[in-house]
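Undergrad: mind folding the following:
(2 chains)
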Amino acid sequence: MRNFLLDPTYQDAVYLFAAVLFIVGIRMLTSPETAPRGNFLSALAMLLAVGITLASGRIADFRWIALGVAVGAAIGILASQLVKMTAMPQMVALYNGLGGAASALVAVSEFLRQPGALDYFLTTVIMLSLFVGAVTLTGSLVAFAKLQELISGKPVAFPLQHPLNLVFLVAAVICGVLVVLDAEQLRLFAAVAALALVLGVLVVIPIGGADMPVVIALLNSYSGVAVSFTGFVLTNNVLIITGALVGASGLFLTNEMCKAMNRSIWNVLFGGFGLTESGAPAAGVAEIPGGGAVKPYTIEDAVTVLENSDSVIFVPGYGMAAARAQHQVRELGDALEQRGLDVKYAIHPVAGRMPGHMNVLLAEANVSYDLLKDMDEINKDFKMTDVALVIGANDVVNPAAHEDASSPIYGMPVLNAEQARTVMVLKRSMNPGFAGIENMLFYRDNTMMLFGDARSTLSKLVDSLSQD
Amino acid sequence: MVSVYLMGFYVLVLAMFVGFEIISKVPPMLHTPLMSGTNAISGISLVGAVVAAGKGEGALAIGLGVAAVICGTVNVVGGYLVTNRMLRMFRRK
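TA: So this is what the prediction gives:
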């Protein structure tokens, strides 16, 4: 019997089936109920695509593959079980980088295998795959280092930054074109790789910690684009299709994040947001016009207000992730629900360090997902709510976004926390948020500031509420 | 041969439209799992990596291939498992 696995037509049919499974899998992510099955289908599609490649007769020696898969799987399994949910942004950043690295390495190996035998088109897509993959790799590593706080999350700016990047980019394009014209130019090929690796670092280093959701989404998109180029290199449609899906997903999320910050992608990438005119980060507390003062309150004050309330909306921000306080938030939510209060959670699209970050943390803490409300859904509810409980969020509840036309964040869609009867703000200190913008919410008459570590403040609130 | 390349662009453009269409329907609540799930998918370069590592054509090619296989496998295996771990946390009470 003829081995149909060796027939390219059958192989293509399997690749097509895998592509369909990928699409169906992503489609099932539209609801939390079907999402785990969707993820399983997507993994199945991956298994099929890699499996048919292994069985295609193009593999002469399986030993090295087995070694690579064993090492990679061991790392992947360990990492996936050990990573804390608060560390998801850096994990995703790292995986973006690995995806980029894999694409770039495949491009290099395809190039070295047959430099003389490649036509213009194949050399061009190899160069593009190498370039995008390498930028994704080092860009993601910098994002990872910033999120893991191995390096400062503050934007790094230096003179002639953007002209320098442009010079590197132009140099890479010139080298790339020369390689396409003469594929024997190994040194120029290496130069493109080196320039791309450096560019990856340079384009992410000026971007501040609070803008990381955009950067991760964009790098996600790049890793998809690199895969699509690899698909052209290998003339394999399943790579082109999946690359396009990932690329589209990353671009969509990038756009969502930018909309939620009322900024253009160019402003995020080149703006160095969070820096003042002098280039230094804004620091300290600004003088408050009108002589308003921050009023610190005690736990007892807060308990009294909560005891006399009927409804609470939690507003989590990056501070909740930093203090790993999601479990204490849920405990307080439970305690309030037991007292008969109506409890909801308001999630701003850019709260945290990646899209959907707050939802994952609260889901981890066992908050029922139907209580997690998007900004558009919940914003009308604040004015009918007794207490808005802000935990480590700042810019996303800054009323200046719709009141003060001179504010840098004017026009950004924010949560209307200030409309609640009482606003409780759990905050470490009076340091301004990442954007370095003063938040007048903290000075309002209906605002109660509860200073200290969010985790211990929440625990004390839970204890006091369950005592009586 | 040009027609094969051009077909690739047809596939790319159509897949991007499909991508935007299905991804815009994913609720913001699931944007992190969406990201880590699509992230795992981008490890599909593994398909090219196993061919590079399995051809047995010289130490350099094999070395690059194995490095690519490791990166791709970590991306795929870690990506799917962590996405699964996250998605199982979303429960309605």
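
Undergrad: residue of the stretch 1-150 of chain A with the smallest distance to chain B?
TA: Nearest residue of the stretch 1-150 of chain A to chain B (Cβ to the nearest Cβ) works out as A:G72 at 2.6 Å. For every residue, glycine as well, the C-beta is placed using N, CA and C.

Undergrad: how many neighbouring residues does that residue have?
TA: Applying the criterion other Cβ atoms under 10 Å in any protein chain shown, we find 27 residues in the vicinity of A:G72.

Undergrad: against A:S264, how distant is it?
TA: Using Cβ to Cβ, to the nearest Å, A:G72 is found at 38 Å from A:S264.

Undergrad: related to what we said a few turns ago, residues touching the residue of the stretch 1-150 of chain A closest to chain B, list them.
TA: Contacts were defined as Cβ atoms under 8 Å, 6 or more residues apart in numbering or on different chains; by that measure A:G72 touches B:V69, B:I70, B:C71, B:G72, B:T73, B:V74, B:V76, B:V77.

Undergrad: grab the nearest non-local neighbour of the fifth one.
TA: Leaving aside its sequence neighbours, B:T73 sits nearest to A:G72 (Cβ to Cβ, 6 or more residues apart in numbering or on different chains; 2.6 Å).

Undergrad: got it, and the last one?
TA: Nearest residue to B:V77 in three dimensions, chain neighbours excluded: A:G76, at 3.2 Å (Cβ to Cβ, 6+ apart).

Undergrad: isn't that neighbour up against B:G72?
TA: No. The pair A:G76 and B:G72 does not pass the contact test of Cβ atoms under 8 Å, sitting 10.0 Å apart.

Undergrad: which one of these two is surrounded by more residues?
TA: Neighbour comparison, A:G76 and B:G72: the larger count goes to B:G72, with 31 against 26 (by other Cβ under 10 Å).

Undergrad: which positions in the host helix or strand of the more buried one come out as buried?
TA: For B:G72, the host element (DSSP states H and E) is helix B:59-73. For helix B:59-73, burial by neighbour count (16 or more other Cβ atoms under 10 Å in any protein chain shown) applies to B:A61, B:I62, B:L64, B:G65, B:V66, B:A67, B:A68, B:V69, B:I70, B:C71, B:G72, B:T73.

Undergrad: just the C-alpha atoms of the helix or strand following it, please, in PDB.
TA: Helices and strands here follow DSSP H and E; after helix B:59-73, the next one along the chain is helix B:79-87. Extracted in PDB, the C-alpha atoms of helix B:79-87 (Å, rounded to 0.1, in the frame of the first residue of the first chain):
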ATOM      1  CA  GLY B  79       1.700  28.700  26.000                       C
ATOM      2  CA  TYR B  80      -1.100  26.200  25.700                       C
ATOM      3  CA  LEU B  81      -0.700  24.900  29.300                       C
ATOM      4  CA  VAL B  82      -0.600  28.300  30.900                       C
ATOM      5  CA  THR B  83      -3.600  29.400  28.800                       C
ATOM      6  CA  ASN B  84      -5.500  26.300  29.900                       C
ATOM      7  CA  ARG B  85      -4.500  27.100  33.500                       C
ATOM      8  CA  MET B  86      -5.900  30.600  33.200                       C
ATOM      9  CA  LEU B  87      -9.100  29.600  31.400                       C
END
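
Undergrad: what average pLDDT does helix B:79-87 get?
TA: With pLDDT averaged residue by residue, helix B:79-87 scores 96.

Undergrad: any residue of that helix touching chain A?
TA: Yes. For a cut-off given as Cβ under 8 Å from any Cβ of the partner chain, helix B:79-87 has contacts with chain A, namely B:G79, B:Y80, B:L81, B:V82, B:T83, B:N84, B:R85, B:M86, B:L87.

Undergrad: doesn't A:N39 make contact with the second one?
TA: Yes. The pair B:Y80 and A:N39 qualifies as a contact (Cβ under 8 Å) at a distance of 6.5 Å.

Undergrad: how close does A:R263 sit to chain B?
TA: The gap separating A:R263 from chain B is 18 Å, by Cβ to the nearest Cβ, to the nearest Å.

Undergrad: near chain B, which residues of the stretch 351-468 of chain A?
TA: Checking the stretch 351-468 of chain A against chain B by Cβ under 8 Å from any Cβ, the hits are A:354-357, A:359-360, A:363-364, A:366, A:368-370, A:372, A:374.

Undergrad: now the strands: where do they sit in the stretch 251-400 of chain A?
TA: Per DSSP state E, counting those that start in this stretch, the stretch 251-400 of chain A carries strands over the ranges A:311-316, A:342-347, A:372-374, A:387-391.

Undergrad: and the second one, which strands flank it?
TA: Next to strand A:342-347 in the sheet, as set by DSSP bridges, lie strand A:311-316 (parallel), strand A:372-374 (parallel).

Undergrad: out of those strands, deepest packed?
TA: Comparing those by mean neighbour count (mean count of other Cβ atoms under 10 Å in any protein chain shown), strand A:311-316 ranks first with a mean of 26.

Undergrad: C-alpha coordinates for that strand, PDB please?
TA: This file holds the C-alpha atoms of strand A:311-316, laid out as PDB (Å, rounded to 0.1, in the frame of the first residue of the first chain):
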ATOM      1  CA  SER A 311     -23.600  48.700  46.900                       C
ATOM      2  CA  VAL A 312     -19.900  48.600  46.300                       C
ATOM      3  CA  ILE A 313     -17.900  48.700  43.100                       C
ATOM      4  CA  PHE A 314     -14.300  47.500  43.300                       C
ATOM      5  CA  VAL A 315     -11.900  49.300  40.900                       C
ATOM      6  CA  PRO A 316      -8.600  47.300  40.700                       C
END
